[in-house]
Every structure is written in C-alpha cells, then in structure tokens.
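Participant: can you look at this prediction? I've put the sequence above it.
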Amino acid sequence: MNASPPALASVPDPGGPPADARTVAAPRPVLRLRSWSLRLSPRGLAAGAAITLAGLAVSLFALSTGEFTVPVPDIVAALFGEGPPVAELIVDRLRAPRVLTGLLVGAAFGVSGAIFQSITRNPLGSPDFIGFTAGAATGGIAAVILGGSAWQIAGASLAGCVVCAIVVYALAFRRGVQGHRLVLVGIGVGALLVSADWYMLTRADINDAATAGAWITGSLGGRGWEHAIPVAYALAALLPVCAWLSRPLRMMELGDDAARAVGIRVEPVRAVAVVAGVLLCGVATAAAGPVAFVALAAPQLARRVSRSPGVTLPLSALTGAVLLIGADLAAQRLFAPVQLPVGIMTAAIGGIYLVFLLRRERR
Amino acid sequence: MRLYGTGLTLSYDKRVVATDLDVTIPDGSFTVIIGPNACGKSTMLRALARMLKPRAGAVHLDGSVITSLPSKEVARRLGLLPQSSIVPDGITVADLVGRGRYPHQRMMRQWSREDEVAVAAAMRSTDVTELADRCVDELSGGQRQRVWLAMALAQETPILLLDEPTTFLDIAHQIEVLDLCADLHEQGRTMVAVLHDLNQACRYATHLIVMRDGRIVAEGDPASVVTADLVREVFELRCEIIEDPQSGTPLIVPEARRRPVAVAGAGAVAGTAGVPVSG
C-alpha cells in the first residue's frame, strides 16, 4: 500500500486505520509517496488556483492594453524576443518590467504582512502599521532630498526599514517579544518617523519635495528591469526560508507555550521570521516605495478567501501580487490620461474588498 | 526515574521563585502538585516542561539534561498542556488536534498514516470525535479543554504535564477532565498536574507534592501525607480531615468561621442572622 504510486487519498482510508477508528470527519486530501506526505486543503488549492488565474488575466490585460494595443499572441512572442519590433519595445521595455515589479513587490509585501501578522497574532501587526515601511520611507526621502541615484534611494529605504525594525524590536523586547508590545511600539516609532518625513519635506527644495512626495505614495511608474530583478533575487532567496517558517509559525499562533510544547524553539524561529519579513518589506519598498495596505490586506484577504485559520504565506504572496498589479492597472486606466500612483489605489481596492468580506462574516 | 530536577533555582527576571529545589516524578504516577498561590508550583512544572530555563541546576529526562536533547525529540516523550493557549479564529477541532502531531512531522512528511491514527485515537478518548468539524471558538469551556487535551494526547508522549487543567471550568467539567486524566494514567501514562483543589488532588493523585515558598514541604501518597497539621502549616487553614465517602481518600473540611449556633437558640436570634459576630 505504501509503495503505491502518488495518489490523492482522502483521509478515511479503508486500508489505513482500524475499522473502529473514526477518523477525522472532514476529509482532507493527502498526497503520499513512500514516506513523504503532503497535506492539502481543497479550498486553499482552489483559492490559490483562482488567484493565480486572476493574476494571469490581469497581467495579460496590463501587457496588452494601453495607449497602444498589443494582441496577446504578440505579447508572448515579444517576451521570447520574436515579436514585431513595436510590440517588443512596448512589452519588453515598458510594460513587462512594470507588471513583473508589481507582481514581485506585491508578493513580497503579502508575505511580509503575513509573517508579522502571524508573529504579533494581530491583523494590525503588519509592517505598514508597525513602522517598518515608515522607516523605509524616511530612508528613501532622505536619499531623494540628498540627490541620491535610484540605487541609492533603494539602498537607503532598505537600510531605513532594517534600522527601524531593529529599533522597534529592541524597544519592544522584554523577556522575548510579545505581539501587542511590538504593535504599540511600532505604531509609536512609525508616528515619529512620519513627522520626520514631513519635516524633511517642508525643509526640502520644492522639486525634491515633489519627487519625494510622489515616492512616498508608492508607485510602479517608470519601473524597469533594474527594479524587478533585485526583488526577484530577494524573493528567490527568502521564499524558501518562508516555506520553512510556515509550519512553526502556524504552531506559534497557538501561543508560545503550546509551540514550545511540541518542540519549536520559539525565539530563534521568531528572529528568523522577523529578519525575513523585514528584508521582504525593505526590498519591496526599495523597488516601489511604501505602497500602503498590501501587507495589511493581502494576508487577511487570502485567509478569508481560503477560509483557513490563521494566515497562510503562499496565498498571501499570490494575493499581494494580484492586489498590487490590479491596483496599478486601475490607477493607470480608471482616470486616464491622469495616472495615479498605485499606493492610492491599493488602499481603495483592498479597503473596499476587506470591508465587504468583514461585513459578510457572521461574527 | 525518567523525569527529575536537581538543585533548581527558578526565577522570572530578578524575582527568584525557588532555590536549590530537587523534584522527582515517579514513573507511571499521577503526580499532583499543590500549594498556596505563588508557592512556585506552576513555575516548577514549567521548568520540568523546559518552558523555563533554570538559573541553576538542571532538569533531566531519561538520563540526559533536558535542554541538551533536541527540542522535537523531547516533544515526542514529554507533552504539556499549558495554562492558557490561543485559539486561532475559525480553526476546527480536527485541525487543532492534528497540530499536536507536529513533533512527529517534517516538511516532507506532513501527514502520515500514524498521524491519522493518533489523531483519531486522541479524539476518541477525549470524546470530541463528534465535534471534529466544529470551530473551536464556538465550543463550551469544558469541550474546549477536552480538545486541548486531545491535542496534547495526539502528541503521543509517555509523560504528560498539565498546568492547572481545571481552571475556568465549572465543577462538573472539572471532574470530567480529571476523570479523563485518571483514565489516561491508567492506560500507562505518567501524568503530572498542578491543581488548586486539595480534595480533587487527594482523590486523583497517586503521588502528591505539596509546596510552599518554593520548597517541597511534603510528598507521597495523599492518604499518608495530608494531615490537618500539614494543611495548617502550608495553607494557613484550620481544618478537619475526614474520609472522602466516595473514594476513601482524605477530604479536607475547613473549620467554620463561627462555631455553629445551637439549634435551640437559632430562632431567638433570627432577626440578627447574617450579621457578623466578632469573637
């Protein structure tokens, strides 16, 4: 029976437990191969597939439409460098990097939000609330005003995020870090940084202030491959860490003692999670500016769509990606020819949908 | 003995709860730890469960210092039901109980057949099989505590520690949970529980540990350990000890605050009934 080929076996397995053992009533498919097994949630898989399809559709639409329409077959050809020259220019140089940056930044924000909401056991514990994005914004604004290059702005905002996270973590640390302390300290530090931002903006040269003002809303405008590729590297490095974190984090949602009781070393896991979450948030902010609301809304949307308890990292990544490019598309097209920064749209779209979902819940 | 601590100094930050404490959990016992508030009983249990790192001394499990063993390995031998845990929104009973299997799982082995069997058995013995699909947050306190116990059972550890498992439960559910613990003990597990109720402790314990001010004052079989003198010394409570008519174990009857008024005089002072009489 164990040597059978990989197959979807549902939980009450006639050959498995003895007949009198009443197994779990809700069958959850398990994928088994020799001693390997993978537990699947049908609703989670369906949600993942639906979100991925939505992401593909939005991406294709964003690549194809605009001032100059590129038919879908030409897009595919252009991406492989074999399309008509015009299509190649528009898709490969202009639209594809923007869409890709949006997908990657959205995914990074989604996972980062999921990690921090899980650690703090609080939906308000996402990095845009507990000051980390504010730290990144402060770093970025300082670099803009000092006349930094795109790379320097990105580096400064990443550094700002990391420094801010260290400060918040250190201030909140008292016999380990408790969620509510992290949230409160983070909100305090974030408020402080926002006033620093405004101080810098009021003192800056008018042109710098305008550039910085556009940057702090969060925007995907003019993003090229040089923005997409660093985020891709960061995700490639950090997502495996997040995959490893996912199971212990789920246990830690039951409380530190419950997690220790099943053999999780809570403090090291939490430290790794914080580092991964801060880096994801910092890299994403460096590429697109402190886009509001994706980190907060994506994990909550994902959780409600999949009806899973607690936050799930992969679905949060997918939801964040779709949320961000969907918002960017709307920001570009809804009020054309006026182009809004995506940060304005994420708050609107994510906020409306979240309120809708919360209203629909019974409790 | 599989589980014992020697020379333990236990503290939270600067506040030292116990110094040079030796404790041994007899194999196969149902050990109950009692003592007045702040005597260090929960702290000692937490140290035994490696939730709290002793400032001095060490807890030993199967001959090794517990902190030197891999954490997951310890979790396959020793389980803990913490005093309070958090119920994630919308989690079902089956999902929660299944999480007790964590120390038996790996990233590439998330749900083996052993996991299935263990979870089914744990739910059966705590009588929560019927609740499998229900959300934990809509259950009553008693049902919820059975679910947490099921999760600890699914961990399949030969030793199970329980930190005040009956707190927040009404009397019927307290007895239900303790009966369940007694069943688990009879099935061969070593059980260790911190309890508040002396009479329940006497009734269920095969080994009683009585603590005060971070020291173990007395330990052993409840019938030989619990005396009126001990209760007065440890809890500062005058009492009479009689035999529990149900179980034959010691039953602590606290001394009444007032000497009972003679029945004949009761009618005469009816108008002042309820007014405290000093002296």
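Facilitator: Everything's here; your move. Numbering: from 1, shown residues only, chains lettered A, B, ... in the order given.
Participant: hey, let's count contacts and neighbours off CA atoms from now on
Facilitator: Fine.
Participant: alpha carbons only: can I get stretch A:150-159 in CSV?
Facilitator: C-alpha atoms of stretch A:150-159 as CSV (Å, rounded to 0.1, in the frame of the first residue of the first chain):
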residue,chain,number,x,y,z
ALA,A,150,17.8,55.3,-8.0
TRP,A,151,20.1,52.7,-6.5
GLN,A,152,21.0,55.0,-3.5
ILE,A,153,17.3,55.7,-2.9
ALA,A,154,16.6,52.0,-2.9
GLY,A,155,19.5,51.2,-0.6
ALA,A,156,18.6,54.0,1.8
SER,A,157,15.0,52.8,2.0
LEU,A,158,16.1,49.2,2.7
ALA,A,159,18.5,50.5,5.3
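Participant: and what about the residue nearest to B:L81 when sequence neighbours are not counted, helix, strand or coil?
Facilitator: Nearest residue to B:L81, sequence neighbours excluded (Cα to Cα, 6 or more residues apart in numbering or on different chains): B:L162, at 4.7 Å. Using DSSP: H, G, I helix; E, B strand; the rest coil, the structure places B:L162 in strand.
Participant: do you know how far B:L162 is from B:H207?
Facilitator: 15 Å (Cα to Cα, to the nearest Å).
Participant: so B:L80 is in which element?
Facilitator: For B:L80, the host element (DSSP states H and E) is strand B:78-81.
Participant: who does that strand pair up with?
Facilitator: Partners of strand B:78-81 in the sheet, by DSSP bridges, are strand B:159-163 (parallel).
Participant: check the offset of the helix or strand just after the strand it pairs with from the chain's centre.
Facilitator: Following strand B:159-163 in sequence order, the next helix or strand is helix B:171-186 (DSSP H and E). Relative to the centre of its chain, helix B:171-186 is centred 11 Å away, using Cα atoms, centre = their mean, to the nearest Å.
Participant: can you check stretch B:231-246 too?
Facilitator: That offset, for stretch B:231-246, works out to 20 Å (Cα atoms, centre = their mean).
Participant: that one spans what distance, first to last residue?
Facilitator: 21 Å.
Participant: list the buried residues in it.
Facilitator: B:231, B:234, B:238-241 (16 or more other Cα atoms under 10 Å in any protein chain shown).
Participant: repeat that for stretch B:43-63.
Facilitator: Taking 16+ other Cα under 10 Å as the neighbour-count basis, stretch B:43-63 is seen to contain the buried residues B:43-55, B:57-61.
Participant: of these, which are in range of chain A?
Facilitator: When the buried residues of stretch B:43-63 are filtered against chain A using Cα under 8 Å from any Cα of the partner chain, the residues retained are B:49, B:51.
Participant: tell me which of the buried residues of stretch B:43-63 fall in helices.
Facilitator: Using DSSP state H, the members of these that fall in helices are B:43-48.
Participant: closest to chain A out of those?
Facilitator: B:R46 (9.3 Å; Cα to the nearest Cα).
Participant: now the spatially most central residue of chain B, what are its backbone angles?
Facilitator: Centroid-nearest residue in chain B, with Cα atoms, centre = their mean: B:A193, separated by 2.4 Å. Backbone torsions of B:A193, given as degrees, to the nearest 10, read phi -130, psi 140.
Participant: that one is in contact with B:E164, isn't it?
Facilitator: Yes: with contact defined as Cα atoms under 8 Å, B:A193 counts as touching B:E164 (6.6 Å).
Participant: average model confidence for whichever helix or strand B:V210 is part of?
Facilitator: According to DSSP H and E, B:V210 maps onto strand B:207-212. Taken as a whole, strand B:207-212 has a mean pLDDT of 96.
Participant: now the closest residue to chain B within the stretch 251-363 of chain A: how far from B:Q200?
Facilitator: Across the stretch 251-363 of chain A, the shortest distance to chain B (Cα to the nearest Cα) belongs to A:G263, at 4.2 Å. For A:G263, the distance to B:Q200 (Cα to Cα) stands at 31 Å.
Participant: neighbour count: those two, which is higher?
Facilitator: With neighbours defined as other Cα atoms under 10 Å in any protein chain shown, A:G263 and B:Q200 compare such that A:G263 has more, 23 against 17.
Participant: check contacts around that one.
Facilitator: B:71-75, B:102-103 (Cα atoms under 8 Å, 6 or more residues apart in numbering or on different chains).
Participant: out of those, flag the one nearest to A:V189.
Facilitator: Within those, the smallest distance to A:V189 is 35.5 Å, found for B:S71 (Cα to Cα).
Participant: how about the closest one: what's its closest non-neighbour residue?
Facilitator: Nearest one to B:S71, counting by Cα to Cα, 6+ apart, is A:G263 at 4.6 Å.
Participant: can you name every helix or strand that the very next helix or strand once past the strand holding B:L80 contacts?
Facilitator: As assigned by DSSP H and E, the chain's next helix or strand after strand B:78-81 is helix B:93-99. Packing partners of helix B:93-99 (3 or more Cα pairs under 8 Å, 6 or more residues apart in numbering or on different chains; DSSP states H and E): helix B:113-125, helix B:141-154.
Participant: still on that earlier bit, could you measure from the residue of the stretch 251-363 of chain A closest to chain B over to B:Y102?
Facilitator: Per Cα to Cα, A:G263 is found 8 Å from B:Y102.
Participant: ok so, going back, please, which helix or strand holds the residue of the stretch 251-363 of chain A closest to chain B?
Facilitator: Applying DSSP H and E, one finds A:G263 in no helix or strand.
Participant: go through the strand or helix carrying A:L239 and flag the buried ones.
Facilitator: Element membership for A:L239, per DSSP H and E: helix A:225-252. By neighbour count on 16+ other Cα under 10 Å, the buried set for helix A:225-252 is A:227-232, A:234-235, A:238-239, A:242, A:245-252.
Participant: B:V192 belongs to a strand?
Facilitator: Yes: membership of B:V192 in a strand is supported by three-state DSSP.
Participant: neighbours around it, how many?
Facilitator: Quick note: B:V192 (other Cα under 10 Å) scores 27 neighbours.
Participant: equivalent analysis for B:M108, please.
Facilitator: 13.
Participant: got the contact list for the closest residue to it other than its chain neighbours?
Facilitator: Spatial nearest neighbour of B:M108, excluding adjacent residues (Cα to Cα, 6+ apart): A:W36 at 5.4 Å. A:W36 makes contact with B:108-110, B:112, according to Cα under 8 Å, 6+ apart.
Participant: ok, whichever strand or helix holds B:V253: who's next to it in the sheet?
Facilitator: If you go by DSSP H and E, B:V253 is part of strand B:250-254. Using DSSP bridges, strand B:250-254 pairs in its sheet with strand B:239-243 (antiparallel).
Participant: from chain A, how far out is the nearest residue to B:T9 once chain neighbours are set aside?
Facilitator: In space, and not counting its chain neighbours, B:T9 is closest to B:T19: 4.1 Å by Cα to Cα, 6+ apart. According to Cα to the nearest Cα, to the nearest Å, B:T19 stands 21 Å off from chain A.
Participant: how about the secondary structure of B:T19?
Facilitator: Going by three-state DSSP: B:T19 is strand.
Participant: what about the helices in chain A?
Facilitator: A:42-64, A:72-79, A:85-87, A:96-120, A:132-145, A:150-172, A:179-203, A:206-217, A:225-252, A:256-261, A:266-288, A:294-306, A:313-333, A:342-360.
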